[in-house]
Every structure is written in C-alpha cells, then in structure tokens.
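Asker: Let's see this in three dimensions:
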Amino acid sequence: MVAANPLSEQDLAEARQELAAGRPLTVWFTPAAVGVPANGSAKVISIDEVAEGDFIQVKPAGSRDTMFCSPSELTRTRPARKKVQRPAERAPEPIVPSEEAPQAASTPEKPRSEPEPEWTPAPSPPAPQKAPPPPPAPVKAPDRPRSTGSRSAGRPAEVTVTLNATAEGEWTVEVMIGKKRTVRPTPVQPGDVAKAARALPSVVAEAIDASLEAARQRQLERVERLSAELEAAQRALHELIS
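Answerer: Below you'll find the predicted structure:
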C-alpha cells in the first residue's frame, strides 16, 4: 500500500497555479483528517496567502459544504483501490464410470459331455452415474457505505457560533465545527443581532443590548459633530458668496 504524503510547499505552489488558471485540483484526505473518512476525495476551492493553521478550503466529494484543512490532512497521492478476493470456485467432481461386468469372449462350443447345459448368471446392469454438483454462486462484495456529509463519520462534532462587535458598532459572525472553521467572519446587520438577542437568555440579551446602545450613542455624537461642521462650512460659503 502506498503511504499518503501530506501536501508539500511544491504541491501548494502548483495548487495555486491550477486555481489561478481556473482548473480545480483533486486531493484526498489522509488519516490525520478530523471528522472525514480517510482516502476520501475533495476539490480545492481556495488557498489563503498566509500559510498558517487551516488555510486550505476544500469541498468533499458528494457534499455541498466546504471545510478548512491543514497540509497534513491532505495529499495528492491517489489511494490504491482495495481488491476484493472472491472465494475460489469448486471444481466439479470427476465422473467415475461404473464398473461393468466384462463380457465373456465368445469361444467355440465344445462337445457337450453332459446332457444338461451349465447355467450362467446374467450380467448386472450398470449403476446410474451421479451428476456433478453445481458450482457455488459467486459472493458479491458488500457495497461501501457512501458518505452523506462532510462530517458524518464518527461522533458528531461540536458547533460553536461566535458574535464579534467592533468599537464602531460593526458585527460579524463565524462558525466552528469541532476544530475546523467552516464559516469565516461574515458581516451581520445590528438589527438582526438585536432580533436574535431577544431569543437568548436575559444575561446574553442585556450584554448585546448594552453594546448596541453604546454604538447608537457614538453614531449620534458623530451625527452632531458632522452637522456642526456642515453648518460652519455653509456659513463660510455664504460669507464668501456675499
């Protein structure tokens, strides 16, 4: 069996060239991959410029989801297919011909010395031949179960959803499945965050409302400051015109 070599720097450089040319690259999962069956295939979607951690985005075969992997979890070496050994067919038993009583060769009759003829038993009929047994039916190898999802193998992984807010009041959300980041930080409208906070425990909702209120206050101060600057600019323009 050929050992699966993880992706090298040269493999990553060639993969970037293939992606830049618009040609998808096929890779296979190594036993180091978490939550996916080893030797399963996937298509490389993108590769981050910063080669750190899980920076390779792939799409497993037969799945609509994407996941991020490290070079040690992927290989360009195609795994060998397992050969299914079928049981050898039994050779038919040889047909053993039945023994037949030899027929006596005809000999010229001798002159009878006795008045009565000698009695000779009739030959026994041949035994019926046995038909050879039919060969056993070939055993069909069991079909390999197909993966129904990128993380269906083994125990279901934990899902972590994280909300982040900046000082300017911008919100993002990211999703982690196990140790893999499946959704990168994605912008979320503050109104949607406020709606989601109402369905969460009161402690969480209060913390989110406090952050939203602080962002509103900062925006009001900014509006007042910009309004004052606009008013001063309009007065200066009016003085220049008059």
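Asker: CA only for contacts and neighbour counts going forward, please
Answerer: Will do.
Asker: May I see the buried residues of the longest helix seen in the chain?
Answerer: With secondary structure taken from DSSP state H, the chain has its longest helix at helix 202-241. By 16 or more other Cα atoms under 10 Å, the buried positions in helix 202-241 come out as A205, I208, L212, A215.
Asker: will you turn those residues into a markdown table that also has pLDDT and distance to T160?
Answerer: Formatted as a markdown table, those follow (pLDDT from 0 to 100; distance: Cα to Cα, whole Å):
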| residue | pLDDT | distance to T160 |
| --- | --- | --- |
| A205 | 83 | 18 |
| I208 | 88 | 18 |
| L212 | 86 | 22 |
| A215 | 86 | 25 |
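Asker: Go through these and name the one nearest E52.
Answerer: I208 (31.9 Å; Cα to Cα).
Asker: my guess is the closest one meets K195, correct?
Answerer: No: applying Cα atoms under 8 Å as the test, I208 and K195 come out as separate, 10.5 Å apart.
Asker: hmm, back to that, for the longest helix of the chain, packing partners?
Answerer: Helices and strands touching helix 202-241, by 3 or more Cα pairs under 8 Å, 6 or more residues apart in numbering; DSSP states H and E, are helix 190-198.
Asker: could you give the angle of the helix it packs on to helix 202-241?
Answerer: Per axes from the mean of the first three to the mean of the last three Cα atoms, to 10 degrees, the angle that helix 190-198 makes with helix 202-241 is 160 degrees.
Asker: Quickly run through the sheet partners of the helix or strand bottoming out on mean pLDDT in the chain, with directions.
Answerer: When each helix and strand of the chain is scored by mean pLDDT, DSSP states H and E, strand 159-165 comes last, with a mean of 84. Here strand 159-165 is paired, per DSSP bridges, with strand 171-177 (antiparallel).
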